[in-house]
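1. would you be able to build a 3D model of this:
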Amino acid sequence: MRSCMPALVLLLGVTVASHAGAATFVVDSTADEVDTTPGNGICATLAGTCTLRAAVQEANALAGPDTIVLPGGLFLLTRAGNAEEFAATGDLDVTDDLTIEGAGTASTTIDGGGIDRVLHVRFSDGKNPGLTLRDVTIAGGQVTDAPGGGLYFASAGIALVERTEFTGNHVLGEESSAVGGAISSNAGGNLTVRESRLAGNSADRGGALFSNSFLLVEDSTIADNDARASSALDSFGSAILRRSVVSGNEATGNYTISASTANLTIEDATLSSNIDPFTIVSVSEATGTLRNVTIANNDSFSAVDGFVDGTVQILNSIVYNPLAVQECTASTGGQVVSLGYTLDRDGTCATGALGDLPSTDPLLGPLADNGGPTHTHLLLAGSPAIDAGDDLSCTLQDQRGVARPQDGDGDGMAHCDLGAVEVPEPRGAALGLAAMAAVAACARRRRRVPGA
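-> Numbers count the residues shown, from 1 in each chain. Next comes the predicted model:
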């Protein structure tokens with residue numbers, strides 16, 4: 001009897017609730033049709049199938065957290081009407097706690113079809129719903145002078161985007177609301193993006209991400225997004241970017257990453273090959289901290305800017321952009337400060353703190369897949385950045401998840417490397433040290449043998 005349950009679930013469109021107020025809806029149709037009776041606990045259209053839209057409507061109508069399971073397939077939104085707020089037309093409005101799980105980004109795609117954004121999580125009936133989005137691709141969302149081409153998280157709840165790709169989502173227009181090509185997160189919310197890819201999205205500001213709340217991005221790729229300002233990220237809330245790569249983004253006006261009025265932390269990250277008329281990282285009226293970061297080969301006037309009373313602190317990092325006029329700039333009361341162990345091209349970032357390496361070529365390899373979930377620049381043999389960091393302030397892992405510190409130059413002493421990548425101990429050196437240790441151990445054993 002138990003083995004028949006999966007087939008029964010597919011027929012009914014909903015699993016038996018695991019506890020009161022929670023249900024799992026298993027979608028079995030890629031059509032974009034509405035639920036016949038939202039709130040009766042059964043995901044069913046007039047055709048008797050369970051569609052994504054019907055499942056969202058049913059989940060909204062039932063109190064408590066629900067789950068929607070999507071098989072592989074293209075779920076194209078076709079019901080036009082973007083002024084409606086209950087998931088009957090246009091985007092998929094979410095008004096209660098919801099988890100959406102796909103079969104993987106290569107298999108499951110929710111496509112807005114250009115009629116509206118894809119997902120809208122909003123305050124409703126006194127509730128700030130949360131969202132978990134996992135193992136799907138979000139594509140084809142489009143709005144004009146409104147936030148979030150792919151996802152608008154307009155809730156003070158908690159959102160988790162995991163193993164998800166946002167691509168080809170666009171916010172048109174030039175109003176102040178035209179933000180967040182892939183994702184826009186509202187004030188008071190809490191958004192985590194993990195092991196995900198945001199690529200090929202656009203907006204007036206925040207080509208990939210706009211955040212007015214707490215934001216954490218980990219082990220993710222933000223690439224090839226476009227905007228007038230802040231092509232990768234425009235942040236007005238505390239933001240952390242960790243073990244991630246930001247590459248190939250292009251701003252026609254200014255900034256790749258911009259943080260205003262709240263703190264920005266970037267750790268074990270690579271910012272490479274972005275195009276910006278002004279600067280790659282700008283912080284205003286706030287504090288930015290760059291630790292074990294590699295900023296390299298960007299086409300911009302400067303790489304780091306402290307702007308309008310903003311302060312950027314750099315440590316254990318590499319700033320090397322041969323196309324920049326000046327690596328670090330400061331204006332209108334802002335400043336850029338090296339906390340030590342900063343390597344740069346022209347001496348404007350590495351200003352004389354302990355361990356600084358001004359006007360130095362770090363000898364970087366190309367941006368490539370060097371292991372781990374995101375692309376990095378390896379330190380080539382003989383790089384002055386190898387074992388040149390501060391062991392007390394370096395991170396515990398590099399961008400790829402490799403442990404720090406290691407003996408990258410083979411001198412028998414492990415020290416943290418500058419930048420986002422830790423060089424492992426050379427194989428020859430490791431084998432030599434192991435052989436020496438074996439000989440020493442053998443000698444000790446021989447001394448303990450009587451008559452030897």
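
2. please, where are all the strands along the stretch 1-150 of the chain?
-> In the stretch 1-150 of the chain, the segments counted as strands under DSSP state E, counting those that start in this stretch are 24-26, 66-69, 73-76, 92-94, 98-101, 108-111, 119-122, 131-134, 137-139, 142-144.

3. those strands: which one's closest to residue 229?
-> Within these, the stretch nearest residue 229 is strand 142-144; the backing value is 17.5 Å (CB to CB). No exception for glycine: its C-beta is placed from N, CA and C like everyone else's.

4. what distance separates that closest one from the centre of its chain?
-> A distance of 22 Å separates the C-alpha centroid of strand 142-144 from that of its chain, computed with CA atoms, centre = their mean, to the nearest Å.

5. strand partners of that strand, parallel vs antiparallel please.
-> Taking DSSP bridges as the criterion, strand 142-144 sits next to strand 170-172 (parallel) in its sheet.

6. who's in contact with the strand it pairs with?
-> Contact partners of strand 170-172, identified using CB atoms under 8 Å, 6 or more residues apart in numbering, comprise 141-149, 178-181, 184, 201-204.

7. check which helices and strands the next helix or strand after that strand is in contact with.
-> If you walk from strand 170-172 toward the C-terminus, the next helix or strand you reach (DSSP states H and E) is strand 183-185. For strand 183-185, the contact count by 3 or more CB pairs under 8 Å, 6 or more residues apart in numbering; DSSP states H and E identifies strand 151-154, strand 190-194, strand 209-211 as packing neighbours.

8. can I get the strands of the stretch 1-150 of the chain in a markdown table including mean neighbour count?
-> Formatted as a markdown table, the entries for these read as follows, by neighbours: other CB atoms under 10 Å:
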| stretch | mean neighbour count |
| --- | --- |
| strand 24-26 | 23 |
| strand 66-69 | 22 |
| strand 73-76 | 18 |
| strand 92-94 | 25 |
| strand 98-101 | 22 |
| strand 108-111 | 22 |
| strand 119-122 | 24 |
| strand 131-134 | 22 |
| strand 137-139 | 25 |
| strand 142-144 | 22 |
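
9. of all these, which one is nearest residue 249?
-> strand 137-139 (18.1 Å).

10. if you average the pLDDT over that closest one, what comes out?
-> Strand 137-139 carries an average pLDDT of 99.

11. what's it packed up against?
-> Under the contact rule (3+ CB pairs under 8 Å, 6+ apart), strand 137-139 is packed against strand 108-111, strand 165-167.

12. beyond whatever helix or strand residue 343 lives in, next helix or strand please.
-> When elements are assigned from DSSP H and E, residue 343 belongs to strand 335-344. Downstream of strand 335-344, the next assigned helix or strand under DSSP H and E is strand 364-368.

13. give the partner strands of the very next helix or strand once past that following strand in its sheet and their orientations.
-> Scanning the chain past strand 364-368 towards its C-terminal end, the next helix or strand to appear is strand 376-379 (assignment: DSSP H and E). Taking DSSP bridges as the criterion, strand 376-379 sits next to strand 364-368 (antiparallel) in its sheet.
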